[in-house]
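Asker: Sharing a model that was predicted from the sequence below.
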Amino acid sequence: QVQLVESGGGLVQAGGSLRLSCAASERTSSIYQMGWFRQAPGKERDFVAGISWTGGSPLYADSVKGRFTISRDNAKNTVYLQMNSLKPEDTAVYYCAVRPTVFGSYSYWGQGTQVTVSS
């Protein structure tokens, strides 16, 4: 059972930046992929970004490409989401998630952290 703890959410004005962190209870080098999702009120939970521990380019939703950057620190078992040029439509609860192996889906989730972007 992988436990995930997110932090770094908050209130920011449009055009501002935030950095989210997600600390994992297990060695992230043994996890196939970690990602960020978000859910706005009344909407489905959507994929935002993902990064694999086996290499390869990170994945991003079209809506955040060029503005958000996902990165990892294996020594700290932590994944980050740097969010720049934030827009009001980025307002949502952001969730960190783990996809343990290439054969499965995202199956472990953090508790979520609120990001609110004011216009």
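Answerer: That came through, no problem.

Asker: where does the chain dip in pLDDT?
Answerer: 54-55 (pLDDT under 70).

Asker: Next, the nearest residue to Leu18 once chain neighbours are set aside: phi, psi?
Answerer: Distances taken as C-beta to C-beta, 6 or more residues apart in numbering place Met83 nearest to Leu18, at 5.0 Å, with adjacent residues excluded. The C-beta positions use only the backbone N, C-alpha and C, and glycine is treated the same way. In terms of degrees, to the nearest 10, the main-chain angles of Met83 are phi -120, psi 120.

Asker: Spell out which residues sit in contact with Met83, please.
Answerer: Neighbouring residues of Met83 by C-beta atoms under 8 Å, 6 or more residues apart in numbering: 17-20, 64, 67-68, 90, 115.

Asker: Flag every buried residue along stretch 53-65.
Answerer: Buried residues in stretch 53-65, counted by 16 or more other C-beta atoms under 10 Å: 53, 60, 64.

Asker: cool, and stretch 38-52?
Answerer: Buried residues in stretch 38-52, counting neighbours by 16+ other C-beta under 10 Å, are found at 38, 45, 48-52.

Asker: Tell me what the residue nearest to Leu18 is bridged to.
Answerer: Leu18, Phe68 (DSSP bridges).

Asker: sorry, back to before: in helices only, show me the buried residues of stretch 53-65.
Answerer: Nothing among the buried residues of stretch 53-65 maps onto helices, per DSSP state H.

Asker: one step back: now render the contacts of Met83 as CSV, adding distance to Cys96.
Answerer: Formatted as CSV, the contacts of Met83 follow (distance: C-beta to C-beta, whole Å):
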residue, distance to Cys96
Ser17, 18
Leu18, 14
Arg19, 13
Leu20, 8
Val64, 15
Arg67, 18
Phe68, 14
Asp90, 16
Val115, 13
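
Asker: Let me see the contact set for Glu89.
Answerer: 40, 63, 117.

Asker: got the contact list for Thr116?
Answerer: Contacts of Thr116 were listed using C-beta under 8 Å, 6+ apart, and they are 10-12, 91.

Asker: Specify the beta-bridge partners of the nearest residue to Leu59 once chain neighbours are set aside.
Answerer: Take Leu59 and drop its neighbours on the chain: the residue closest to it by C-beta to C-beta, 6+ apart is Gly50, 4.5 Å away. Gly50 has the following beta-bridge partners by DSSP bridges: Gly35, Leu59.
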